[in-house]
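Enquirer: Quick one, what's the 3D model for this:
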Amino acid sequence: MKLELKENLTSALDKAKRWGVTYAEIRAQKNNNTLINAIDGQVEAVTIANENGAGIRVLADGAWGFSTTNSIRPADLEKSMRSALKMARAAGKSIREPVKLAAIKPVEARVKVKLKKDREALMFPRKSTIY
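Expert: Coordinates of the predicted model:
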């Protein structure tokens, strides 16, 4: 999945270049959650949620555009990139002074939260007693 995600993000950034943006960035996120609803110590509902998404920011025509998506599929990233670009171009028509960035090399970073306990090892019966 990691390689697929990187390929999807790289593809979207490559398209942004072809569309003429000055700068583009994508901040992708993947979350895995277990939600336990309890009333008076009794578990009422358990929801396991896997969420993906991305924030996309572009600089075009001297202005910023931003868009988000709750999917990391190539078509959805492209749609969100187009939306950010459309916003930047619209804003570029009315700016007094265009945004100019310093010339620096791109940075790629990966942040992973280190858990104190393996979330997979903490099975539901144990999780439900925490609350």
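Enquirer: give the contact list for residue 16.
Expert: By C-beta atoms under 8 Å, 6 or more residues apart in numbering, the contact list for residue 16 reads 24, 58, 81, 85. Where C-beta positions appear, they are placed from N, C-alpha and C, glycine not excepted.
Enquirer: okay, and the helix or strand of the protein with the least pLDDT?
Expert: Ranking every helix and strand in the chain by mean pLDDT, DSSP states H and E puts helix 124-130 at the bottom, with a mean of 57.
Enquirer: that older thread, among the contacts of residue 16, which are located in strands?
Expert: Within these, residues falling in strands by DSSP state E are 24, 58.
Enquirer: Export the contacts of residue 16 as JSON lines, with columns for neighbour count, distance to residue 43 and pLDDT.
Expert: Converted to JSON lines, the contacts of residue 16 look like this (neighbours: other C-beta atoms under 10 Å; distance: C-beta to C-beta, whole Å; pLDDT from 0 to 100):
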{"residue": "24", "neighbour count": "23", "distance to residue 43": "45", "pLDDT": "95"}
{"residue": "58", "neighbour count": "28", "distance to residue 43": "45", "pLDDT": "97"}
{"residue": "81", "neighbour count": "26", "distance to residue 43": "42", "pLDDT": "97"}
{"residue": "85", "neighbour count": "23", "distance to residue 43": "46", "pLDDT": "97"}
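Enquirer: The contacts of residue 16: which two are farthest apart?
Expert: Taking C-beta to C-beta as the measure, those span a maximum distance of 8.5 Å, between 24 and 85.
Enquirer: The residue nearest the centre of the chain and residue 79, how far apart?
Expert: Centroid check for the chain by C-alpha atoms, centre = their mean gives residue 54 as the closest residue, at 1.9 Å. The gap separating residue 54 from residue 79 is 11 Å, by C-beta to C-beta, to the nearest Å.
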